[in-house]
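Asks: The following comprises the amino acid sequence and a computationally predicted model.
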Amino acid sequence: MGSKNTLPVDENAIILPSAPEGAPSGRTPLPKIPREFFERSTGKAVFFLAYAFALWLLPAAGIYRLAVASSPGWEIKAPVIFLLALVAQQGLHLFGWIGHESFHFNLFRGKKANVATGLIFSSLIVGHNGFGFALSHWHHHRFTNQPEDPDWQVFARFRTALSRFLFARLMADVRYLGNGLLAATGKWDWDMRGFPLNESEIRWYARGNLLVSGFWIALFGTLIYRHPVPGLLAIGLPLLLLTLLTGLRPYLEHAGTGKTLFTTSRTRTSPLLSAFYYFNNYHLEHHLYPRVPCYNLARVHRWLSLKGLLSGEGALIEKGFWNNLRYVTRRYQYPSA
């Protein structure tokens, strides 16, 4: 589907060495997987963008039409609007994943194309600073489940499902915004060795993120000002649901996990989740091979499974759709430092 781009010889070196300093290690060295898994497809990347955009815009437009229609009554409109908002928030969720893939430089070959795509789409999520997330995420991969892991620092403090639901994503976005502001003002001083952007690029892209975010905020604010009720329902409600629901996702991926190579994160293999996440539900495989595009992660999973590595190394694999929700409960805590 579409043209494919090959990667440099060392596929992992640009974003994450296979055994970074301070990273967990397992009984088995990181297996060398086929090079074809690292190949980027422009067609699949564009489909990802279109799929996410449609998943957001179509239900949002449906909400708007329902809100301005004189019939049916609100007793019928309200539940339909809520269901449409749930779908729209998942489209917004995928905008975040587009930013994630872009800042792993997995969508397109050029750095500028990846960064521009990530900034445009992730900034559609009002309040989320995608570039600030990228800076933090780099260290999440270097120090997964360790005290130096920025995600551990944010998410380990929330120990109940309710606190995670209400506050986890808000606190994460506050940190990402802070990262973006520090980078934009040239005050970002974390060790970014191996990161494919230099100090000047980091500063200018961080500023670009703020500008793009400002554009979307101004556009959405204007629409809501001119059409308050349908605007709040079509734009504000999906954003609110996104903030609440995505606060649970880090626990689905990391609560109750460990520190060895194959246990630092959890993969959820439900086909429905693969459709919702565009294969970003294969989170363990992503941590093992962060330069593999998301649409190839299921292939990596099958390859590792056929080699007996997932079962042999005690990999954390959740096959059910509803069963994975248990990881948001108090019983499963973010890994202890």
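Replies: Here it is on my side, so go on. These numbers were taken from a predicted model, which means no experiment stands behind them. Residues are numbered from 1 along each chain as shown.

Asks: burial of the nearest residue to residue 134 once chain neighbours are set aside, as a residue count?
Replies: Nearest-residue entry for residue 134: residue 103, 3.5 Å, with adjacent residues in sequence omitted and distances by C-beta to C-beta, 6 or more residues apart in numbering. The way it works is simple: take the backbone N, C-alpha and C, and place the C-beta from them, glycine included. Residue 103 has 27 neighbours, counted by other C-beta atoms under 10 Å.

Asks: how near is residue 103 to residue 31?
Replies: Relative to residue 31, residue 103 is positioned 25 Å away (C-beta to C-beta, to the nearest Å).

Asks: biggest helix in this structure, by residue count?
Replies: Assignment by DSSP state H gives helix 74-103 as the longest helix of the chain.

Asks: Toward the C-terminus, what is the element adjacent to that one?
Replies: Per DSSP states H and E, the first helix or strand lying C-terminal to helix 74-103 is helix 111-122.

Asks: residues of that following helix that come out buried?
Replies: 114-122 (16 or more other C-beta atoms under 10 Å).

Asks: Direction-wise, compare the helix or strand hosting residue 51 with helix 74-103 and give the angle.
Replies: Assigned by DSSP H and E, residue 51 falls within helix 42-68. With axes from the mean of the first three to the mean of the last three C-alpha atoms, to 10 degrees applied, the angle from helix 42-68 to helix 74-103 works out at 160 degrees.

Asks: in helix 42-68, what's buried?
Replies: 42, 44-45, 48-49, 52-53, 55-56, 59-60, 62-64, 66-67.

Asks: Can you classify residue 70 as helix, strand or coil?
Replies: Here residue 70 is coil, with the state taken from DSSP: H, G, I helix; E, B strand; the rest coil.

Asks: For it, grab the count of nearby residues.
Replies: Neighbour number of residue 70 under other C-beta under 10 Å is 5.

Asks: The one 10 residues further on now?
Replies: Using other C-beta under 10 Å as the criterion, residue 80 is surrounded by 13 other residues.

Asks: Now do it, the pLDDT please.
Replies: At residue 80, the model reports a pLDDT of 97.

Asks: can you pull the contacts of it?
Replies: residue 66 (C-beta atoms under 8 Å, 6 or more residues apart in numbering).

Asks: quick one: it and residue 72, what's the gap?
Replies: Residue 80 is 9 Å from residue 72, by C-beta to C-beta.

Asks: need the strands for the stretch 201-337 of the chain, in chain order.
Replies: 266-268, 316-318 (DSSP state E, counting those that start in this stretch).

Asks: how about a markdown table for those, with mean pLDDT added?
Replies: Putting these into a markdown table (pLDDT from 0 to 100) gives the following:
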| stretch | mean pLDDT |
| --- | --- |
| strand 266-268 | 97 |
| strand 316-318 | 96 |
